[in-house]
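S.K.: Here's my sequence, what's the structure:
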Amino acid sequence: MEYITSANIACGFHAGDPLIMQKTVRLAMERGVAVGAHPGFPDLLGFGRRDMAVSPQEASAYITYQVGALAAFVQSAGGRLQHVKPHGALYNMAAKDPVLAKAIAGAVAAMDRELVLVALAGSALYHAGREAGLKVAGEVFADRAYTADGNLVPRSNPQALIKDPVEGARRVRRMVVEGVLTALTGEELPVQADTVCVHGDTPDAVAYVADIRRLLLQEGITIAPMANIVGKAGE
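M.R.: Presented below is the predicted three-dimensional model:
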């Protein structure tokens, strides 16, 4: 918490429970870290990283249920929820599926149009959020490799994870400062990086975040909660 400005907190479907949610919200708020809901598929055994076939109605209800629960913990602690970032397979599927992306964005907009929707930069979910009139943060990943079309390399690929914090920080610098990401196969793609993700279960996650923060500050990059950075379409 001492290195980050925004936290994605699981809402019970893929990880967490009411006590952990309450504890984590309070810890983040004590450290001045903005809180976001991290809703996923109802898949505790697979940690939300297995694809599921769901209807738009089901996806919308999953989002509403989980975000509402975390928002209540934030409100009871005297704060306000900043953002929503789908987790795992739900996030990756919505990055490619416009119908699923529209359902997620619509659910967020129906709850609170001031919420920031976090989406893979340039993805279907990113565009759906903008079309729904939301603030959308284009997300890049420090600890994940990319495919040539700008999506994340599946975790089934042994090269999907970037395990070296130094390498991860170097990649983030290029994405944030130069607006360029390098795919696993060598292609260079333009990218808009509003927020940087490091997964909590990545080995050496704390060192990862510390290295990235130090490098960005050295580059003169302002590090702030994403709500301070992104605006709605047209702003």
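S.K.: gap between residue 26 and residue 9?
M.R.: Relative to residue 9, residue 26 is positioned 11 Å away (Cβ to Cβ, to the nearest Å). Using the backbone N, CA and C atoms, a C-beta is placed for each residue, glycine as well.
S.K.: More neighbours: the two, which one.
M.R.: In this view residue 26 and residue 9 are compared by other Cβ atoms under 10 Å, and residue 9 has more residues nearby, 24 against 17.
S.K.: residue contacts, that one?
M.R.: Counting by Cβ atoms under 8 Å, 6 or more residues apart in numbering, residue 9 makes contact with 16, 21, 24-25, 28, 35-38, 70.
S.K.: Which strands or helices does the top strand by length along the chain pack on?
M.R.: Taking DSSP state E as the criterion, the chain has its longest strand at strand 135-141. If you count contacts as 3 or more Cβ pairs under 8 Å, 6 or more residues apart in numbering; DSSP states H and E, strand 135-141 packs onto strand 116-120, helix 124-131, strand 195-197.
S.K.: ok, and the closest non-adjacent residue to the residue positioned nearest the centre of the chain?
M.R.: For the chain, residue 85 is the residue whose C-alpha lies nearest the centre (Cα atoms, centre = their mean; 4.5 Å). Of all residues not flanking residue 85 in the chain, residue 118 sits nearest, at 3.6 Å (Cβ to Cβ, 6 or more residues apart in numbering).
S.K.: I figured that neighbour hits residue 135, correct?
M.R.: No - with contact defined as Cβ atoms under 8 Å, residue 118 does not reach residue 135; the gap is 9.9 Å.
S.K.: The two: which has the busier surroundings?
M.R.: residue 118 (29 against 23).
S.K.: returning to what we had before: wait, which of the helices and strands packed on strand 135-141 is closest to residue 74?
M.R.: For the helices and strands packed on strand 135-141, distance to residue 74 was read as Cβ to Cβ. The smallest value, 13.8 Å, belongs to strand 116-120.
S.K.: Now do the buried residues in the longest strand of the chain.
M.R.: By neighbour count on 16 or more other Cβ atoms under 10 Å, the buried set for strand 135-141 is 135-141.
S.K.: Repeat that for stretch 200-209.
M.R.: Across stretch 200-209, burial judged by 16+ other Cβ under 10 Å covers 202, 205, 207-209.
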